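K.L.:
here is my input; please provide its structure:
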Amino acid sequence: KFIHRLAHFFNLRTTKNRKWNLTLTGGEPLLMPNFKLFHDLVFETGNLTSYYTALPMSETHSAIKYLLNTNPDRVDYIMASFHPEAEAYEERFIKTVSLLKKAGHNILVRFIAHPRRLENTANLDKLHDRCKEIDVTFYVNNVMTATLPQNYTDAERTIMKKYFSSSTQHYLLKGGIDTTNVLCNAGFKNIAVDFLSGNITPCFGVPGPSLGNIHENRLVLN
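P.N.:
Here you go, the predicted structure:
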């Protein structure tokens with residue numbers, strides 16, 4: 001019932017000319033219970049999905065098997081984050097990335113650049129080269145905390161920039177850009193939904209204002 005309620009909320013607001021791109025993120029979206037049922041329902045009306053995943057499972061996991069056997073045109077992209085914990089299962093991680101790539105998915109490997117991980121660039125070069133071999137974008141992302149990125153050393157910044165492939169990475173390394181007086185689609189075309197509580201806000205990480213609740217089938221866009 002929970003899954004049907006979630007899917008119904010989006011499908012009810014799907015039209016021929018307006019579809020959803022449902023970006024599923026943490027915890028770990030691929031561990032979502034009834035993963036297949038949810039996707040079957042939202043794909044039925046032409047909606048897309050995207051993922052921010054740590055990809056901690058192998059190709060035998062039900063969610064990976066589903067993605068390997070679904071039409072890749074239904075998935076906008078998969079951002080597979082290579083966290084420090086993933087170093088313990090790097091071979092499995094790369095194998096799963098490779099299989100998803102071969103299945104037609106647009107998948108990127110995101111390396112979370114904690115300062116300690118930049119001390120040994122040999123491992124960074126190795127991961128970059130492995131991604132290049134399987135034709136997958138290697139995306140280095142700086143850490144965002146109370147002290148980073150401002151406390152990165154010049155040497156650490158130089159290492160990260162070596163692997164940058166987009167202007168976004170440069171902006172993030174500078175701590176973002178000033179968006180004062182800049183209009184965006186948050187709360188108009190873009191919303192953030194907490195599936196458990198059902199609360200809807202204009203953007204991920206923004207606590208309010210509330211735009212509705214998915215479990216009450218209520219949405220009032222700005």
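K.L.:
spatially central residue in the protein, please.
P.N.:
Among the residues of the chain, residue 52 comes closest to the average C-alpha position under CA atoms, centre = their mean, at 2.2 Å.
K.L.:
Three-state assignment for that one, please.
P.N.:
Secondary structure for residue 52, judged by DSSP: H, G, I helix; E, B strand; the rest coil, is strand.
K.L.:
mind checking pLDDT for it?
P.N.:
Here the pLDDT value assigned to residue 52 is 97.
K.L.:
residue 75 reaches residue 107, doesn't it?
P.N.:
No: counting by CB atoms under 8 Å, residue 75 sits too far from residue 107 to count as a contact (9.1 Å). C-beta coordinates here come from the backbone N, C-alpha and C atoms, glycine included.
K.L.:
in the chain, which spans are helices?
P.N.:
2-12, 35-43, 62-69, 90-102, 121-133, 154-161, 167-173 (DSSP state H).
K.L.:
out of the ones you listed, the one nearest residue 200 is which?
P.N.:
Of all these, it is helix 2-12 that lies closest to residue 200, at 9.4 Å by CB to CB.
K.L.:
from the contact counts, what lies against the closest one?
P.N.:
For helix 2-12, the packing partners by 3 or more CB pairs under 8 Å, 6 or more residues apart in numbering; DSSP states H and E come out as helix 35-43.
K.L.:
packing partners for the helix it packs on?
P.N.:
With contacts defined as 3+ CB pairs under 8 Å, 6+ apart, the packing partners of helix 35-43 are helix 2-12, strand 48-53, helix 62-69.
K.L.:
and these as CSV, adding distance to residue 170?
P.N.:
Shown next, in CSV, are the helices and strands packed on helix 35-43 (distance: least, CB to CB, whole Å):
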stretch, distance to residue 170
helix 2-12, 34
strand 48-53, 21
helix 62-69, 31
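K.L.:
in JSON lines, list the helices of the chain along with mean neighbour count, mean pLDDT and distance to residue 196.
P.N.:
Listed next are the helices of the chain as JSON lines, based on neighbours: other CB atoms under 10 Å; pLDDT from 0 to 100; distance: least, CB to CB, whole Å:
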{"stretch": "helix 2-12", "mean neighbour count": "17", "mean pLDDT": "97", "distance to residue 196": "9"}
{"stretch": "helix 35-43", "mean neighbour count": "18", "mean pLDDT": "98", "distance to residue 196": "14"}
{"stretch": "helix 62-69", "mean neighbour count": "16", "mean pLDDT": "98", "distance to residue 196": "18"}
{"stretch": "helix 90-102", "mean neighbour count": "18", "mean pLDDT": "97", "distance to residue 196": "27"}
{"stretch": "helix 121-133", "mean neighbour count": "14", "mean pLDDT": "93", "distance to residue 196": "34"}
{"stretch": "helix 154-161", "mean neighbour count": "14", "mean pLDDT": "96", "distance to residue 196": "34"}
{"stretch": "helix 167-173", "mean neighbour count": "15", "mean pLDDT": "94", "distance to residue 196": "28"}
